[in-house]
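S.K.: What follows is a predicted structure for the sequence shown.
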Amino acid sequence: MAPLASDPLGLAIDTTFDDTSVAILRGKREVLANLTLSQFKDHEEFGGVVPERASRKHLEAIQPLLAQALTRAGVGFGELDYVAVSTVPGLLGSILVGLTVAKSLAYLLARPLIGINHIEAHPYANVLAHGELPFPALHLVAAGGHTLLIHQTGHFQWSIVGRSVDDAAGECVDKVAKMFGHAMPGGPAVDRLALTHAPAAHRFPRPMLNDPGLDFSFSGLKTAVLYYRRDHGGDLEEGPVLSAFFDAVIEVLIVKTLRAARRFRPKAVTVSGGLAASQKLRAAFEAAAAEAGLRLLYPPPELCTDNAAMVACLAAHRYAAGRFDDLTLDGRPNLLD
Ligand code: KG4
Ligand code: ZN
């Protein structure tokens, strides 16, 4: 294998769930291309992501997206120094599409292959946006599939210290939005309504808020909205109700994150994942962190939702450390297996 490049050019692929994403990164932070093709319209008629269909859509999308990313970056395959791919967690059939393409490229180009944990990559959106993370760092990853608190003491050294015991926060928001007739993913619509409507007087439950631990629960909150909607039928005002509901989600996320910060005393707290694209969540987090005297790092919205640039950024750190995988690299659907 060739000696390590000092300013490597990396390709990263993410096909873990319903977004096909390809990025090209120079060094650790210079994003030359970051293209994401969302599938949510392809699954709309089914009311949720159909795994078989997702794999097929990735297969259709990946080749043109790769070509487009190379053109955008103005580079050729031969110039790449490594090939990275997210291998966990997600839909296995979808992961295998990206993994197979990445393995083929790494083999044909004779370049290192780097398998990335998609969850570990989310906070690296903050490295792209703000520079290297100070350690120890505490990360809230609030996405459609996961709600996690992660304590990181160095690159590749992290542990999950809190997680949702049932629905992820984003999943809960999407399901509640769907009850009100919003298309998937409903997070942006809920955020918009919450920003423009004062919350209804009704106070929705804050599950596990008084539990001293760092775990979350969101399915009870979703059910509380379902019952509230059933009991108030026709005279329900969507904006104020969704605003009150979103306040409950936000409060739980912030209180648990601040509790974890008191326990781990991080040098920075980061927020990432699709839900972090919410302007309302962001404003509330910024106010709470300022009051608690915490350094808060927040990526721009386009780096909060799933993207391959964050995967490339973590991969660039792996490349610099010479931590590669071989062609036996496998995919895993579950984070904790
Ligand atoms: O990180 P992500 O793109 O995918 C997963 O890894 O799951 O997160 C998707 C989640 C969905 O629940 C979606 O509704 C939510 O992020 N989301 C938002 C916004 N954009 C995406 N929630 C609130 N406001 C937004 N602007
Ligand atoms: Zn994600």
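M.R.: In hand now; what should we look at? Ligands and ions are numbered 1, 2, ... in the order given.

S.K.: Leaving out the residues flanking it, which one is nearest to the residue of the stretch 151-300 of the chain found nearest ligand 2?
M.R.: Using C-beta to the ion, the single residue of the stretch 151-300 of the chain nearest to ligand 2 is residue 273, 5.8 Å away. Bear in mind the C-beta positions are built from the backbone N, C-alpha and C, glycine included. Among residues not flanking residue 273 along the chain, residue 143 sits closest, at 3.4 Å (C-beta to C-beta, 6 or more residues apart in numbering).

S.K.: Likewise for residue 330?
M.R.: For residue 330, the spatially nearest residue (C-beta to C-beta, 6+ apart) is residue 87, at 7.0 Å.

S.K.: List the residues that contact the residue of the stretch 201-337 of the chain found nearest ligand 1.
M.R.: The minimum distance from the stretch 201-337 of the chain to ligand 1, using C-beta to the nearest ligand atom, falls at residue 274 (2.0 Å). Going by C-beta atoms under 8 Å, 6 or more residues apart in numbering, residue 274 touches 142-144, 170, 185, 187, 304-306.

S.K.: the bottom helix or strand of this protein by mean pLDDT?
M.R.: For the chain, counting by mean pLDDT, DSSP states H and E, helix 40-43 ranks last in confidence among helices and strands (a mean of 72).

S.K.: elements contacting it?
M.R.: helix 51-73 (3 or more C-beta pairs under 8 Å, 6 or more residues apart in numbering; DSSP states H and E).

S.K.: helix or strand right after the helix it packs on?
M.R.: Following helix 51-73 in sequence order, the next helix or strand is strand 82-88 (DSSP states H and E).

S.K.: Quick check: mean pLDDT of that following strand?
M.R.: Averaging the model's pLDDT scores along strand 82-88 yields 98.

S.K.: Mind checking if stretch 288-307 is in reach of ligand 1?
M.R.: Yes. For stretch 288-307 and ligand 1, the contact criterion (C-beta under 6 Å from any ligand atom) is met by 305-306.

S.K.: tell me the angle of the helix or strand where residue 25 lies relative to strand 82-88?
M.R.: Residue 25 is part of strand 19-26 when elements are defined by DSSP H and E. Relative orientation of strand 19-26 versus strand 82-88 (axes from the mean of the first three to the mean of the last three C-alpha atoms, to 10 degrees): 150 degrees.

S.K.: What is strand 19-26 packed up against?
M.R.: strand 9-14, strand 30-38, helix 51-73, helix 308-320.
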